[in-house]
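Enquirer: Build me a model from this:
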Amino acid sequence: MVTEQCKTGQKKKTQRRKSYMRHSLNIKLLIWALAFIVPIIGLFWIGVSLAMNSFGQQLILTNRQILKPYLSEMEVTLETIHSYVANREIPFSLLKELESDSELVRMNALQELNQDYTADIFAYPKMDAVFLKKDGIFRFIRNVNSDYSQQCDAAEYVEKYTEAIKEEDNPFQDGYQMFEADGVPYFLLTIKNEGVIWGCWICADNFLEEIDNKDIDGLEKIFLKDEKGIWKHETENEEEFFIVEQASTDGSFQIVAWLDRETVFRPFQELNGIMVVLIGFSVLLLIAYLVYLSVHLRKPIRNLAVQMNRIKKGDFSECVIPQNTDGEILEVYEAMNSMTSEISQLKIDIYEEKLRKQEANMQLLQMQIKPHFFLNALTTILGFAQAKDYEMVQKMTLCLSNHFRYILYRDNFISVEEELEHIKNYLEIQKIKRQTDFRYEIDVEEEVYEEEIPILTLQTLAENALKHSSNQKVTVKIRGKIEKGEKSEELILCVEDDGKGFEAEQLKELNRGKKISQEKKEGGIGLYNISQRLDILYHGKARMYFSNKKEGGACVEMRIPKAKGMTKQK
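Expert: Below is the predicted model:
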């Protein structure tokens, strides 16, 4: 048995230690620091990524603007050469002389043809060569500034291309054709006129010679790419480069620049490094600050916990405030001393409140069970029995049974509807006892019936109206409604009679909330008791008003907070 108790105690101690660790200030400071630092680092890296993407987009736009003039000049050159080919007349006479039987005539014609087209190439230096083909004979006049070996490779491709042209084809209508010879990209423009196929080809790389590293920082490689993928280029380690592309107007080709990532992002990486250092320094400052808070908060709070445990054990003496206590902690100590003083006073107030409730309950019991009422009722039944009026005996007995069932077996709170039913039963008893024909009227709004009120409040008021009425045919009126204000709603219940009303002194004392001498004013005791019960049950929010009507009679009005569904007090 002792061993089991030890195990249970050890288990509880372990649970308390775990709970303390979960709710420890140091742990919470650490969690708070992580909750602060981790999102900041995450936001920083997100910000860096977004900034790098934005910087990359801006870099693309900037370099596109650099490439755009070169591309425009390239398109102008191609358009100029296109116009040249379209408008250039073919030297049919020279081509005819090339078919002469005289070797001298052929040599002179060939020389003149070369000179003629060489002058054109000089005028359009971007042309790599001009070619002519007639009767299956293919000739080309080359640009002497270009590589002869590459020109021969290109000429071989062009010759095969011209052989594939059919009689009905119109290659000039298709514009420039792209081809590649020995890894070198070319533009090819072909025209067919009266059995002669001629045109030119242009080395695409000639357009890129003017672009160098002075124009684009970090430029590693630049080339042309066509939309059909005819021009082939190595794409190894493509992810290591920052790629910028600028398309031509018709979209048939584009200039592609590969930039060294390390070079173009070097300024941003330097700024990134500075930001990392600053954030790291800020994190260190935050950690140092949290350590400072832990040292300067944990010890005072621990002392406060000791003082609170002392108060928990019932020691409400004033605690001694340590020297050099920070202002905020000092306020807590002063508030705690004030709280202990208030708690001591509150204990006295609670005790007094209990006494007042006990007194109110005793008053309720006094109102509930009145010996003279019970004895008078029994006497009335006896009179009916002696007169052998058994019907009245049964009626009086049933009403009396309902009366005592209501006052003895109900809670402190009851619905208005049930209270009104009880009042009707009570008034029937009074009619039978008094053998008088007094009247009562009930004018209560439908929504009021479900509201809850303290038991016997309306019955006490109705009883008071009957007891102090000099008129044997007194009329008792009970009215009820709900008054809606801006912030809350009040239940208003009013009991009126047409008797002589309150005396001036009695009315004055009742409205002041004072208790009237029981010897002289028995009715005043019941009204005072109701007022006290309402004050206790509704914490001072309920009010009672006493007045006399102009036409005669008393009026008692109760205003209580709307209390539908409130917790009943046993």
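
Enquirer: Could you use CA atoms for every contact and neighbour count after this?
Expert: Fine.

Enquirer: so where do the helices sit in the chain?
Expert: Secondary structure of the chain (DSSP state H): helices located at 2-22, 25-87, 92-97, 103-123, 148-163, 261-264, 266-312, 327-368, 371-386, 390-408, 416-434, 457-467, 504-511, 522-537.

Enquirer: contacting residues for Tyr157?
Expert: Ala181 (C-alpha atoms under 8 Å, 6 or more residues apart in numbering).

Enquirer: Which pLDDT value belongs to it?
Expert: pLDDT for Tyr157: 92.

Enquirer: could I get the helices of the chain as a markdown table with distance to Phe546?
Expert: A markdown table is the format used below for the helices of the chain (distance: least, C-alpha to C-alpha, whole Å):
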| stretch | distance to Phe546 |
| --- | --- |
| helix 2-22 | 59 |
| helix 25-87 | 59 |
| helix 92-97 | 133 |
| helix 103-123 | 121 |
| helix 148-163 | 120 |
| helix 261-264 | 92 |
| helix 266-312 | 47 |
| helix 327-368 | 20 |
| helix 371-386 | 26 |
| helix 390-408 | 25 |
| helix 416-434 | 20 |
| helix 457-467 | 11 |
| helix 504-511 | 6 |
| helix 522-537 | 10 |
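
Enquirer: nearest to Asp169, of those?
Expert: For those, the distance to Asp169 is smallest for helix 148-163, at 10.7 Å, taking C-alpha to C-alpha.

Enquirer: circling back: go through the helices of the chain and find the least confident stretch.
Expert: Minimum mean pLDDT among those: helix 2-22, a mean of 57.

Enquirer: ok so, going back, which of the helices of the chain sits closest to Phe131?
Expert: Once the helices of the chain are compared by C-alpha to C-alpha, helix 148-163 is nearest, at 8.2 Å.

Enquirer: list the buried ones in the closest one?
Expert: Under the neighbour-count criterion of 16 or more other C-alpha atoms under 10 Å, helix 148-163 has Gln150, Gln151, Ala154, Ala155, Val158, Glu159, Thr162 buried.

Enquirer: tell me the two of these that are most distant?
Expert: Pairwise over the buried residues of helix 148-163, using C-alpha to C-alpha, the maximum falls at Gln150 and Thr162, 18.5 Å.

Enquirer: Leu491 and Ile560, how far apart?
Expert: 5 Å (C-alpha to C-alpha, to the nearest Å).

Enquirer: before we move on, what about Leu375?
Expert: 34 Å.

Enquirer: Neighbour count for the two, which is higher?
Expert: Neighbour count, other C-alpha atoms under 10 Å: between Leu375 and Ile560, Ile560 has more, with 21 against 11.

Enquirer: My guess is that one contacts Lys541. True?
Expert: Yes: applying C-alpha atoms under 8 Å, one finds Ile560 in contact with Lys541, separated by 6.8 Å.

Enquirer: about what we covered before: please tabulate the buried residues of helix 148-163 in JSON lines, including the columns distance to Phe92.
Expert: Below are the buried residues of helix 148-163 laid out as JSON lines (distance: C-alpha to C-alpha, whole Å):
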{"residue": "Gln150", "distance to Phe92": "29"}
{"residue": "Gln151", "distance to Phe92": "25"}
{"residue": "Ala154", "distance to Phe92": "25"}
{"residue": "Ala155", "distance to Phe92": "22"}
{"residue": "Val158", "distance to Phe92": "21"}
{"residue": "Glu159", "distance to Phe92": "20"}
{"residue": "Thr162", "distance to Phe92": "19"}
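
Enquirer: out of the residues you listed, who's nearest Leu285?
Expert: Gln150 (67.2 Å).

Enquirer: so who does that closest one touch?
Expert: Here Gln150 is in contact with Ala181, Asp182, Val184 (C-alpha under 8 Å, 6+ apart).

Enquirer: how about 10 Å then?
Expert: Asp128, Glu156, Ala181, Asp182, Gly183, Val184, Cys203 (C-alpha atoms under 10 Å, 6 or more residues apart in numbering).

Enquirer: Torsion angles phi and psi at the fifth one?
Expert: Looking back up the chat, that one is Gly183. Dihedral angles of Gly183 (phi, psi; degrees, to the nearest 10) stand at phi 80, psi 0.

Enquirer: ok, and for stretch 139-149, which residues are buried?
Expert: In stretch 139-149, counting by 16+ other C-alpha under 10 Å, buried: Phe140, Ile141, Arg142, Asn143, Ser146.

Enquirer: Greatest separation within those residues: which pair is it?
Expert: Every pair of those checked by C-alpha to C-alpha; the farthest is Phe140 and Ser146, at 13.5 Å.

Enquirer: From the contacts of Gln150, pick the one nearest Ile31.
Expert: Once C-alpha to C-alpha is applied, the member of these that ends up nearest Ile31 is Gly183, at 62.6 Å.

Enquirer: what about the closest one, distance to Glu447?
Expert: Taking C-alpha to C-alpha, one finds Gly183 at 97 Å from Glu447.

Enquirer: Name the nearest of the buried residues of helix 148-163 relative to Leu278.
Expert: Gln150 (57.4 Å).

Enquirer: Please verify my assumption that Leu491 contacts Gly480.
Expert: Yes: contact criterion C-alpha atoms under 10 Å: Leu491 and Gly480 qualify, at 7.4 Å.

Enquirer: Now for the two: what residues contact both?
Expert: Val448, Met558.

Enquirer: what does the domain assignment say about the chain?
Expert: For the chain, automatic domain parsing gives the domain ranges 88-207, 351-561.

Enquirer: and of these, who's closest to Asn309?
Expert: domain 351-561 (23.6 Å).

Enquirer: In space, not sequence, find me the middle residue of the chain.
Expert: Pro39 (17.5 Å; C-alpha atoms, centre = their mean).
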